[in-house]
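Engineer: Below: sequence and its predicted model.
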2 protein chains.
Amino acid sequence: MNKPSKAPNLTIKTVAADAGVSVAAVSKVLRGAYGVSDSLRENVMESIERLGYRPSTAARGMRGKTYTIGILVGDMSNPFLPELILGVQGVLEASNYKSMIGVGQGRRKIESSLIESMIDNRMDGLILVAPRLSGDFLARFSRQIPMVVVGHHEPSADTFDTVNSDDEMGASLATRALLDKGYKSIEMLSVADKVGGDFDVFRSRETGFQSEMAAAGLPVIVHRLREASGSLEEDLAAFLDLPQLPRAVLCWSDLHAIPLINMAKSRGIRVPEDLAIVGYDNNPIAQLPLIDLASVDQDAHVLGKIAAQSLLARIGGRTTTEHATIDPVLIRRSSLG
Amino acid sequence: MNKPSKAPNLTIKTVAADAGVSVAAVSKVLRGAYGVSDSLRENVMESIERLGYRPSTAARGMRGKTYTIGILVGDMSNPFLPELILGVQGVLEASNYKSMIGVGQGRRKIESSLIESMIDNRMDGLILVAPRLSGDFLARFSRQIPMVVVGHHEPSADTFDTVNSDDEMGASLATRALLDKGYKSIEMLSVADKVGGDFDVFRSRETGFQSEMAAAGLPVIVHRLREASGSLEEDLAAFLDLPQLPRAVLCWSDLHAIPLINMAKSRGIRVPEDLAIVGYDNNPIAQLPLIDLASVDQDAHVLGKIAAQSLLARIGGRTTTEHATIDPVLIRRSSLG
DNA sequence: CGTTCTACGTTTAACGTTCTACGTTTCCCT
DNA sequence: AGGGAAACGTAGAACGTTAAACGTAGAACG
């Protein structure tokens, strides 16, 4: 049997009895609250340690804080996730917070239900990473719980903070690198028209591309992929079949650039001799020798760190809104030329 | 400000008042407990719906169940994860359970602390997917909470259930396919000697390979990669530099097979003409045209479904232990020959 | 030497559920 | 019609923690 019939549930009461003090005293020690002498604290700590006591998050949630924050990731294939989470956890460790990670599978329904779960669990705050949910939804949830959103531009939001890599700059960087190589005919392969609703979250990279091209006095040509699943192959093929294939292409994501480079090479189009390709996100696959795709990299660790600090501040009582931005870097590989 | 000064916290009491019944009646409806008339249920449901009430998981955890189960994944790069989780969630939906997913980052410390968090949150049960933790640890935790482990052979465990794809059969399948092609010189590239402790969790695939080769009267040659990070490249290179390169190779994972196929091709070794390669896990990358790697596929959806059912049964009171096994399938691609 | 602080610790309500008893109805049989 | 069981609903005590309010003793002050 799993549960022995008599589980003498280890509670704050046990600790109090063991240390010979009141329950409230233990609670104070636990929370680092005001009004505990060093000797008391030491005494209680010793008992806690020896008994192996851990406070019940559930019970905590009833009155105070749970010291748990939820991290919701929209899509676990996101290559910078591990590093980002490390960044978050680094900050949390220092302030005895724990985190629980939820994976939204890129589906709005799962995302909402996960967020609701987290609220129901009385978590103290939420970090949403590249959520698919629209700004309206985000705003609605943010009224119920302190929230920071990473990788989802929403500059007008005033009920939650955002942390983003500067997508416009990233695209600029990549475009300028292509221009510096001397290419004149450069086009962009961007994401579907209204992926995830009609907010312009996904347009910053286009803006960066556009402004660089315009500054160079060159025409701005942007192709947009369709959203339907399975259409990616077709759309990429259509692009490669263009009568006037450009000399270079900037892809919105490595998720497009990698299949593209594959398809191009297997059609005998040489990369970068015939077509230079730059992606975005620096997916680990990009560095495989057969792929060797140049890509824009975001410092995920910093992204996570800032998000966590921001959330902690918000939980701590800050009511103003912060929108942070950090600078990406271009990783040069052979596909760039 | 985030929280309006007067949050008239929507509780079960509010609902009871609204529906004109007792608090306990609402609770019964919520839990689908015995002793509620249809009219009562309908009435209460209507109130719940209209008010948008959601029960506090934290409060629930204090007395009863939280209707939340924790899914801990050892490593989010695992390609069959999304489908597995879908399988789990499919089962859970039907019984009004929610799930929270934790990502262990392949680090034992994070794994343990996440499991502890989940226990502290009074979750009703845990599904561990390909955990790095050793059997001892697993057994210890399983005494505190109902638990099912997926993708981690531990046949001697008697305090938690396991669900696994039949790794031995998968390796057999792949080996036999290579034998059927007429190859005689087949070797295996397996995982480090004592990855994650000295249990033989990772040996089943070797066993499958070994028994097929022995049955065919051929020599059994297994290379083991080292565990240290960064050593993969070296080890693969060393393999390809072998004076007597085999005609075909079975890799323990696509995580090895994909870099291998890359390295081989970029050295001018033709796949499959010079070297046939079969991987394991059917990683999405395996199907890229430039890779086109044959691989053993596990039905992740079924894996998840069985795990969830198993856990629910255990939560429901089953005390015996179940070890389930399901059959994998070989996906043939050009790397097979 | 009384009075007021200050620092520490305790008492005691909450918090939002569940669940065990227990009291009413309602229904079904003879 | 009478009796018993089943069905329905209620009251109220948990659950483990926090936090506001409340002592209390010694120190500092006038």
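Structural biologist: That came through fine. Residues are numbered from 1 along each chain as shown, chains lettered A, B, ... in the order given.
Engineer: Just confirm yes or no for stretch A:134-150 near chain B.
Structural biologist: Yes: judged by C-beta under 8 Å from any C-beta of the partner chain, stretch A:134-150 comes into contact with chain B through A:142-143, A:146. Any C-beta I mention is one placed from the backbone N, CA and C, and that applies to glycine too.
Engineer: Stretch A:101-114 too?
Structural biologist: Yes: on the criterion C-beta under 8 Å from any C-beta, stretch A:101-114 is in touch with chain B at A:101-103, A:105, A:110, A:113-114.
Engineer: hmm, which two among these are most spread apart?
Structural biologist: Spanning the widest gap among these are A:101 and A:113, at 15.2 Å by C-beta to C-beta.
Engineer: More neighbours: these two, which one.
Structural biologist: residue A:101 (26 against 17; other C-beta atoms under 10 Å in any protein chain shown).
Engineer: Report whether the helix or strand that that one is a member of contacts DNA strand D.
Structural biologist: Element membership for residue A:101 (DSSP states H and E) is strand A:98-103. No: for strand A:98-103, no contact with DNA strand D is found by C-beta under 7 Å from any atom of the strand; the gap never falls below 13.2 Å.
Engineer: gap between that strand and the chain center?
Structural biologist: Its chain's C-alpha centre and that of strand A:98-103 lie 12 Å apart, by C-alpha atoms, centre = their mean, to the nearest Å.
Engineer: Now distance to residue B:138 and pLDDT too, for the residues of stretch A:101-114 next to chain B, in a markdown table please.
Structural biologist: Listed next are these as a markdown table, based on distance: C-beta to C-beta, whole Å; pLDDT from 0 to 100:
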| residue | distance to residue B:138 | pLDDT |
| --- | --- | --- |
| A:101 | 20 | 88 |
| A:102 | 23 | 87 |
| A:103 | 22 | 84 |
| A:105 | 26 | 75 |
| A:110 | 27 | 83 |
| A:113 | 28 | 86 |
| A:114 | 26 | 89 |
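Engineer: so which of these comes closest to residue A:31?
Structural biologist: Within the residues of stretch A:101-114 next to chain B, distances to residue A:31 taken as C-beta to C-beta reach their minimum at residue A:101, with 24.7 Å.
Engineer: beta partners for the closest one?
Structural biologist: residue A:71 (DSSP bridges).
Engineer: Below-threshold pLDDT in the stretch 201-337 of chain A: ranges please.
Structural biologist: Where the stretch 201-337 of chain A drops to pLDDT under 70, the residues are A:201, A:229.
Engineer: do that again at 80, thanks
Structural biologist: Low-confidence segments of the stretch 201-337 of chain A (pLDDT under 80): A:201-202, A:227-230.
Engineer: Also the stretch 51-200 of chain A?
Structural biologist: Those would be A:75-79, A:105-106, A:192-200, if you go by pLDDT under 80 across the stretch 51-200 of chain A.
Engineer: Show me which residues of it are close to DNA strand D?
Structural biologist: Residues of the stretch 51-200 of chain A lying near DNA strand D (C-beta under 7 Å from any atom of the strand): A:55-56, A:59-60, A:62-65.
Engineer: Let me have these in a markdown table, extended by neighbour count.
Structural biologist: Supplementary listing: those in a markdown table, determined by neighbours: other C-beta atoms under 10 Å in any protein chain shown:
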| residue | neighbour count |
| --- | --- |
| A:55 | 18 |
| A:56 | 21 |
| A:59 | 18 |
| A:60 | 21 |
| A:62 | 14 |
| A:63 | 9 |
| A:64 | 13 |
| A:65 | 15 |
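Engineer: Which ones, among the residues you listed, also lie beside DNA strand C?
Structural biologist: A:62-63.
Engineer: For residue A:72, see how far away the residue nearest the centre of chain A is.
Structural biologist: For chain A, the residue nearest the mean C-alpha position is residue A:129 (3.1 Å; C-alpha atoms, centre = their mean). Using C-beta to C-beta, to the nearest Å, residue A:129 is found at 7 Å from residue A:72.
Engineer: Let me see the ranges of the strands in chain A.
Structural biologist: Assigned by DSSP state E, chain A shows strands spanning A:68-73, A:98-103, A:125-129, A:147-150, A:161-165, A:186-190, A:221-224, A:248-251, A:276-280, A:294-297, A:323-326, A:329-331.
Engineer: Compare those and give me the one nearest residue A:266.
Structural biologist: strand A:276-280 (14.0 Å).
Engineer: between the residues of stretch A:134-150 next to chain B, which is closest to DNA strand D?
Structural biologist: residue A:146 (15.0 Å; C-beta to the nearest atom of the strand).
Engineer: My guess is the closest one contacts residue A:316. True?
Structural biologist: No: if you go by C-beta atoms under 8 Å, residue A:146 and residue A:316 don't touch, sitting 9.1 Å apart.
Engineer: Look at those two and report which has more neighbours.
Structural biologist: Applying other C-beta under 10 Å to residue A:146 and residue A:316 shows that residue A:146 carries more neighbours, namely 25 against 10.
Engineer: residues contacting the nearest residue to residue A:329 once chain neighbours are set aside?
Structural biologist: Leaving aside its sequence neighbours, residue A:329 sits nearest to residue A:297 (C-beta to C-beta, 6 or more residues apart in numbering or on different chains; 5.1 Å). Shown in contact with residue A:297 (C-beta atoms under 8 Å, 6 or more residues apart in numbering or on different chains): A:281-282, A:328-331.
Engineer: and the gap between residue A:210 and DNA strand C?
Structural biologist: Remark: distance between residue A:210 and DNA strand C (C-beta to the nearest atom of the strand, to the nearest Å) = 50 Å.
Engineer: sorry, that was for residue A:92
Structural biologist: Separation of residue A:92 from DNA strand C (C-beta to the nearest atom of the strand): 24 Å.
Engineer: just residue A:175 next, same as before
Structural biologist: 53 Å.
Engineer: just checking, that residue touches residue A:213?
Structural biologist: Yes: using C-beta under 8 Å, residue A:175 makes contact with residue A:213 at a distance of 6.5 Å.
Engineer: So the two - more neighbours on which side?
Structural biologist: Higher neighbour count among residue A:175 and residue A:213: residue A:175, with 27 against 23, using other C-beta under 10 Å.
Engineer: Run a quick neighbour tally on residue A:154.
Structural biologist: Residues lying near residue A:154 (other C-beta under 10 Å) number 19.
Engineer: Nearest residue to it in space, ignoring adjacent ones along the chain?
Structural biologist: Among residues not flanking residue A:154 along the chain, residue A:135 sits closest, at 5.0 Å (C-beta to C-beta, 6+ apart).
Engineer: Name all residues that make contact with the closest residue to DNA strand C within the stretch 151-300 of chain A.
Structural biologist: Nearest residue of the stretch 151-300 of chain A to DNA strand C: residue A:159, at 21.6 Å (C-beta to the nearest atom of the strand). Applying C-beta under 8 Å, 6+ apart, we find residue A:159 in contact with A:139, A:142-143, A:147, A:321, B:2.
Engineer: picking up where we left off before, how far away is the residue nearest to residue A:154 from residue A:160?
Structural biologist: 10 Å.
Engineer: who touches both of those two?
Structural biologist: With C-beta under 8 Å, 6+ apart as the test, residue A:135 and residue A:160 both reach residue A:154.
Engineer: Same drill for the two, tell me which one is more crowded.
Structural biologist: Neighbour comparison, residue A:135 and residue A:160: the larger count goes to residue A:160, with 27 against 18 (by other C-beta under 10 Å).
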